[in-house]
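Participant: heads up, no residue letters with this:
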């Protein structure tokens with residue numbers, strides 16, 4: 001079909017072109033409809049995973065230290081939540097806010113939402129299934145993955161909106177004792 005081209009086949013009228021164009025559009029609709037180029041290139045969409053989630057009761061802080069800094073004593077003590085990452089550019093520590101000194105360089109007042117259970121490392125789209133509804137709700141996240149599971153941190157002031165967005169996406173949320 002050459003719907004917009006300047007040339008016509010011999011004997012082809014404007015009405016014939018419109019009729020053929022209409023047949024072509026009807027054919028496309030019967031085969032699943034018209035799609036954008038981006039959607040066609042993306043291929044079939046996966047259904048978003050619906051996950052069992054849990055709100056961690058502690059308020060957390062995300063701290064940044066120089067890359068060569070030793071792990072501070074306040075971060076080395078055992079506790080219910082601690083993650084330490086060192087790269088060439090920084091030492092990043094996420095820990096219960098109550099143990100962090102007031103003068104530490106930190107982003108404070110975060111709450112963690114954890115995927116309940118152990119996740120095989122070859123699963124696809126787990127973090128996306130949490131991050132996408134939160135992004136759609138206009139909420140920023142800080143993601144942490146461990147060997148067994150994933151955590152998504154949101155500001156404490158945004159926790160209720162985050163839980164609403166996640167429930168709306170079909171996730172099952174078990175709230176901790178201090179979560180909404």
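Facilitator: Sure, I can see it. Note that this is a predicted model, so its numbers are computed, not measured.
Participant: Quick check, central residue of the protein?
Facilitator: Centroid-nearest residue in the chain: residue 131, 1.6 Å away (criterion: C-alpha atoms, centre = their mean).
Participant: where's it, which helix or strand?
Facilitator: helix 126-136 (DSSP states H and E).
Participant: same question, residue 166
Facilitator: Residue 166 belongs to helix 159-168, assigned by DSSP H and E.
Participant: Could I get the buried residue list for that helix?
Facilitator: 159, 161-163, 165-166 (16 or more other C-beta atoms under 10 Å). C-betas here are computed from N, CA, C, even on glycine.
Participant: and residue 20, how many neighbours?
Facilitator: Here the number of neighbours of residue 20 (other C-beta atoms under 10 Å) works out to 14.
Participant: Are we agreed that it is in a helix?
Facilitator: Yes. Read with DSSP: H, G, I helix; E, B strand; the rest coil, residue 20 is one of the residues of a helix.
Participant: Just give me how far the lengthiest strand in the chain sits from the chain centre.
Facilitator: Scanning the chain for the longest strand, with DSSP state E as the assignment, gives strand 52-65. Centre-to-centre, strand 52-65 and its host chain are 16 Å apart (C-alpha atoms, centre = their mean, to the nearest Å).
Participant: Flag every buried residue along it.
Facilitator: Residues 53-56, 58-63, 65 are the ones in strand 52-65 that count as buried (16+ other C-beta under 10 Å).
Participant: thinking again about what came up before, after the helix holding residue 131, which helix or strand is next?
Facilitator: With DSSP H and E, the next secondary element past helix 126-136 is strand 142-145.
Participant: neighbouring strands for whichever helix or strand comes after that following strand, and are they parallel or not?
Facilitator: Downstream of strand 142-145, the next assigned helix or strand under DSSP H and E is strand 150-155. Counting by DSSP bridges, the strands paired with strand 150-155 are strand 106-115 (antiparallel), strand 142-145 (antiparallel).
Participant: for those, which one ends up most surrounded?
Facilitator: Neighbour counts (mean count of other C-beta atoms under 10 Å) averaged over each of those peak at strand 106-115, with a mean of 20.
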